[in-house]
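K.L.:
Okay, here's the prediction I keep looking at, along with the sequence it came from:
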Amino acid sequence: MPGGRLTQQERQQIALGLADDLAYAEIARRLDRPTSTVTREVMRNGGPAAYRADLAHRATERRAHRRRQVAPRGSKAPLEAHGRDSEALREYEEAFTTLLMQQGLPKMASRVLVCLYTSDSGSLTASELVQHLQVSPASVSKTIGLLESMNLVRRERDERRRERYVADNDVWYQGMIASARTHAQLAETARQGVSILGPDTPAAIRLENIARFVDFVGESMIRAAEQAREVLCTRPETTSDGTAKP
């Protein structure tokens, strides 16, 4: 299987495959590349509807040029904290961002979440996000507002009274609970249609089945979230000498 960066000809084949409504896996098979390579290439260059081979190729060249300016020819990739490989970390962040975009999040929201998830501090300020992502403060502010509305991020103040954004385990719990509430609302709306359409009609039966299914899924989500929070997020108690209790 070939390695290295995609060539301009390969990008043209990707564009042709998208135009023919081929799945990423099929395009990757024809290129003899991993499916993840094709998926990441498309998602970070406008998505399947806006992908253009020439623009994608130029964008890749610009990114490579910027990296060469930071790391002169012949030098090793700089190491991050804890001896991490900065190039490997960048590739991981791109792959993680692509995954979140595939799940329906906008690109900027995905990038912000990945920054928070991979931060050792567990939280970042607006200025730290601006510096890391190289975007405007307005973009960060708008994106944080979106993520807050989705219960994926919360705000807190540090000892210097700076506002920090957090995406920890409790945020995931709250997000799951919010999603379960949405399921409950969907089930309630479906059941309203049952009485309007008539309980014995095919349409009403369909809506009742939807309500039952969504009810079951929502209740299962709540139970799973509560169990996970209790088991995974509870820290062990410590004794007076600082050791964990059994």
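P.N.:
Looks like it came in fine. Residues are numbered from 1 along each chain as shown.
K.L.:
My read is that residue 48 contacts residue 42, right?
P.N.:
Yes. Contact criterion C-beta atoms under 8 Å: residue 48 and residue 42 qualify, at 5.8 Å. From N, CA and C alone the C-beta is placed, and that goes for glycine too.
K.L.:
what sits in contact with each of those two?
P.N.:
Residues touching both residue 48 and residue 42 (C-beta atoms under 8 Å, 6 or more residues apart in numbering): residue 18.
K.L.:
Show me which of the two is the more surrounded one.
P.N.:
residue 42 (25 against 15; other C-beta atoms under 10 Å).
K.L.:
secondary structure element for the more buried one?
P.N.:
helix 35-43 (DSSP states H and E).
K.L.:
Name the surrounding residues that touch that helix.
P.N.:
Residues outside helix 35-43 that contact it (C-beta under 8 Å, 6+ apart) are 6, 11, 14, 18, 24-25, 27-28, 31, 48, 51, 56, 94-95, 97-98, 101-102, 107.
K.L.:
Buried among these? Make that a ChimeraX selection.
P.N.:
Of the contacts of helix 35-43, the buried ones go into a single ChimeraX selection, burial set by 16 or more other C-beta atoms under 10 Å:
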select :6,11,14,18,24,27,28,31,51,56,94,95,97,98,101,107
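K.L.:
after the helix or strand bottoming out on mean pLDDT in the chain, next one along is what?
P.N.:
Every helix and strand in the chain was compared by mean pLDDT, DSSP states H and E; the lowest is helix 53-70, with a mean of 72. Next along the chain after helix 53-70, taking DSSP H and E as the criterion, comes helix 86-102.
K.L.:
got the domain boundaries for the chain?
P.N.:
As assigned by automatic domain parsing, the chain contains the domains 8-75, 86-164, 169-232.
K.L.:
Lowest average pLDDT across the ones you listed?
P.N.:
Comparing mean pLDDT across the domains of the chain, the weakest is domain 8-75, with a mean of 81.
K.L.:
For the residue nearest in space to the middle of the chain, give me its contacts.
P.N.:
Centroid check for the chain by C-alpha atoms, centre = their mean gives residue 100 as the closest residue, at 2.6 Å. Residues in contact with residue 100 (C-beta under 8 Å, 6+ apart) are 109-110, 113-114.
K.L.:
longest single helix anywhere in this protein?
P.N.:
helix 202-232 (DSSP state H).
K.L.:
so how far is it off the chain centroid?
P.N.:
23 Å (C-alpha atoms, centre = their mean, to the nearest Å).
K.L.:
go on, stretch 11-21?
P.N.:
On C-alpha atoms, centre = their mean, the centre of stretch 11-21 falls 25 Å from the chain's centre.
K.L.:
got it, and stretch 141-148?
P.N.:
Counting by C-alpha atoms, centre = their mean, stretch 141-148 comes out at 14 Å from the chain centroid.
K.L.:
buried residues in it?
P.N.:
143-144, 147.
K.L.:
closest to residue 225 among these?
P.N.:
residue 147 (18.5 Å; C-beta to C-beta).
K.L.:
Is that closest one part of a helix or strand, or is it coil?
P.N.:
What DSSP: H, G, I helix; E, B strand; the rest coil gives for residue 147 is helix.
K.L.:
now it, nearest residue through space, not along the chain?
P.N.:
In this structure, residue 147 finds its nearest non-sequential neighbour in residue 153, 4.0 Å apart by C-beta to C-beta, 6 or more residues apart in numbering.
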